[in-house]
Every structure is written in structure tokens, then in C-alpha cells.
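sequence and predicted structure are below.
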Amino acid sequence: MTVLAAVIALIGSLFFALGAALQQFEAVGTAKPGLLALLRRPRWLIGGASILVGGGLHIVALGLGPLTVVQPMGVASLLFALPIAATLHGRRPERRELAAAGVVAAGLIGLVLLVPESDGPTRLDPTGVLTLLGVAGVAAVLLWAGSKAASHAGRAALLATASGVLYGATATLLRVLVDGGWNWWYLLALPVPALLALMMLQRAYAVGHFGVSFASLQIADPLTAVAFGALLLGEPVPTGVLPIAAAALTAAGTVALARTTPLEART
């Protein structure tokens with residue numbers, strides 16, 4: 001079952017990477033990549049469907065195998081996404097670009113494996129939900145504001161990080177709903193950060209530098225979920241030197257991606 005779980009998770013990563021690359025190809029270079037405009041583009045919709053398939057396969061894999069096997073397979077989507085995106089833009093990925101992505105993936109694998117598993121049900125009172133949404137919203141606005149004065153690569157990274165923060169808040173709220181019992185008020189609040197995250201991500205994709213934006217998203221999403229889990233849910237966090245080293249790897253790899261990934265434009 002463990003081998004099957006790893007294979008399914010790896011296939012899910014391929015679907016997720018394909019979907020992200022397709023959506024970025026449609027969004028890149030547009031002045032205002034609004035969701036309504038993108039929803040009229042078949043290739044962007046196919047990308048969204050591919051992402052949903054990838055997410056579904058990841059859930060199936062988690063039901064068949066341990067988290068320590070499935071999660072690292074999910075990180076492989078970054079290594080799949082870069083060659084796919086490069087092909088869509090009519091170029092070959094550079095070796096330095098793939099090497100930098102490998103460094104990011106190695107750091108992310110270290111981080112996901114070092115996060116301790118939580119025990120017991122996940123519960124959050126209404127004040128905690130408001131805090132969750134408020135902190136994520138403020139952080140996203142600050143990152144969006146900072147992106148205005150950043151370089152192209154920096155703008156892509158900051159916008160994607162803002163999206164990752166909002167997706168991390170969405171994941172935390174979803175966990176509360178699933179583990180702690182359904183609450184219709186929380187369910188109604190769930191689409192707010194999810195839609196804002198999707199909008200912010202398309203803005204990041206529109207800038208170009210797909211590798212930078214996709215890596216920033218993959219880093220910010222789980223780290224935000226871990227931070228909210230520790231601050232609001234009392235969950236354990238990794239300690240020691242290894243998490244710091246893993247975080248340093250992801251940061252170094254992202255900086256390297258910013259220097260090696262070319263600025264893409266629709267042709």
C-alpha cells in the first residue's frame with residue numbers, strides 16, 4: 001500500500017504541476033488577470049480541473065500511505081512544473097533553474113517531514129476564526145503593498161507568498177471544519193480566503209517568473225498552516241537545527257530561482 005500511495009501522490013503532483021503551468025501560461029503578461037476574464041479561457045479552466053484532480057489524488061494517497069511518504073511526493077510538483085511551463089513558453093529549462101528548484105524541493109521535504117503530527121480533534125472558537133482571517137488578510141495586504149516597489153522577480157514572489165498565506169489560512173479553517181465538527185458559519189467563511197488567494201496567485205503568474213512564484217506558493221502555504229496551527233490550535237512545531245537548515249535551503253533555492261528563471265511573456 002505504501003508504494004501505491006507514493007505512486008498515486010507522484011501522479012497527483014504531475015497533475016498539479018500541469019494545472020499550475022497552464023494557468024500561469026494564460027495569466028502571464030496580462031495587465032489585469034481577473035478571474036472573470038480567465039474563466040473564459042478553456043486552457044485556464046483545464047488547468048483548474050487538473051489541479052483539482054491532483055488534489056484528489058493526493059487525498060487518496062494520504063488514505064493509503066503514511067504522511068512521511070505522501071508529502072515528499074507532493075513537493076515533486078515543483079520539479080514537474082518548471083519543464084512543463086518552459087515547454088509551453090517554447091524554451092528548455094536551464095540546468096541552473098532545475099538545480100535551484102531541486103534545492104527548494106529538498107528544503108520543503110525536510111520541513112514537511114520535521115513537522116510533528118498533532119493528536120486529538122482540532123477546534124477553534126469564533127474569535128480564533130476571526131483572528132485567523134484577520135491576520136492572514138493583513139499579511140496578504142502588506143505583501144501585496146510591498147510588491148508594488150519590488151523587481152519583477154520580487155513582485156512575483158511577494159504576490160505568490162500572499163496567496164500562500166491565504167491558502168494556508170484556508171487549509172487551517174478546512175481542518176477545523178473536518179476535524180472539529182461542521183459549523184455553517186465557518187463553512188460560509190471558507191470561500192473568502194480561498195478566492196482571494198486564487199486572485200492573488202493569478203496576479204503573481206501575470207508578472208512572469210513562474211519558478212519563483214510557484215516555489216514561493218509552495219513554501220508559504222504549508223509554513224502558514226503550521227504557524228496558525230501552533231498559534232491558534234496549540235499544535236507542536238519542529239525545533240532544533242534541522243528545521244532552520246531546511247528553511248535556509250528553501251530560501252536559498254528561491255533566491256537562486258529568481259536569478260535564473262527568465263521573465264516569461266506570451267508569444
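In hand now; what should we look at?

let's see stretch 209-226 as PDB, backbone CA atoms only.
Output in PDB follows, covering the C-alpha atoms of stretch 209-226 (Å, rounded to 0.1, in the frame of the first residue of the first chain):
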ATOM      1  CA  HIS A 209       9.000  34.200 -13.400                       C
ATOM      2  CA  PHE A 210       6.900  31.100 -12.900                       C
ATOM      3  CA  GLY A 211       9.500  29.200 -11.000                       C
ATOM      4  CA  VAL A 212       9.700  31.900  -8.400                       C
ATOM      5  CA  SER A 213       6.000  32.300  -7.900                       C
ATOM      6  CA  PHE A 214       5.300  28.600  -7.800                       C
ATOM      7  CA  ALA A 215       8.200  28.000  -5.300                       C
ATOM      8  CA  SER A 216       7.000  30.900  -3.100                       C
ATOM      9  CA  LEU A 217       3.500  29.500  -3.100                       C
ATOM     10  CA  GLN A 218       4.700  26.000  -2.100                       C
ATOM     11  CA  ILE A 219       6.800  27.400   0.700                       C
ATOM     12  CA  ALA A 220       4.300  29.900   2.100                       C
ATOM     13  CA  ASP A 221       1.200  27.600   2.100                       C
ATOM     14  CA  PRO A 222       2.500  24.900   4.500                       C
ATOM     15  CA  LEU A 223       4.500  27.200   6.700                       C
ATOM     16  CA  THR A 224       1.400  29.400   7.200                       C
ATOM     17  CA  ALA A 225      -0.700  26.400   8.100                       C
ATOM     18  CA  VAL A 226       2.000  25.200  10.600                       C
END
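
ok, and for stretch 127-140, which residues are buried?
Gly128, Val129, Leu132, Leu133, Val135, Ala136, Gly137, Ala139, Ala140 (16 or more other CB atoms under 10 Å). Where C-beta positions appear, they are placed from N, C-alpha and C, glycine not excepted.

ugh, typo on my part, it should be stretch 136-156
Residues Ala136, Gly137, Ala139, Ala140, Leu143, Trp144, Ser147, Ala153, Gly154, Arg155, Ala156 are the ones in stretch 136-156 that count as buried (16+ other CB under 10 Å).

any idea how far apart the tips of it sit?
End-to-end distance of stretch 136-156 (CA to CA, to the nearest Å): 18 Å.

ok, and what's touching it?
Residues outside stretch 136-156 that contact it (CB atoms under 8 Å, 6 or more residues apart in numbering): 157-159, 161-163, 165-166, 168-169, 193, 196, 200, 204-205, 207-209, 212-213, 216, 224, 228, 258-259, 261, 263.

whichever of the residues you listed end up buried, select them in PyMOL.
Applying 16+ other CB under 10 Å to these, the buried members can be selected in PyMOL as follows:
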select buried, resi 157+158+159+161+162+163+165+166+168+169+193+196+200+204+205+207+208+209+212+213+216+224+228+258+261
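
so of the contacts of stretch 136-156, which ones are in helices?
Judged by DSSP state H, those include 157-159, 161-163, 165-166, 168-169, 193, 196, 200, 204-205, 207, 212-213, 216, 224, 228, 258-259 as members of helices.
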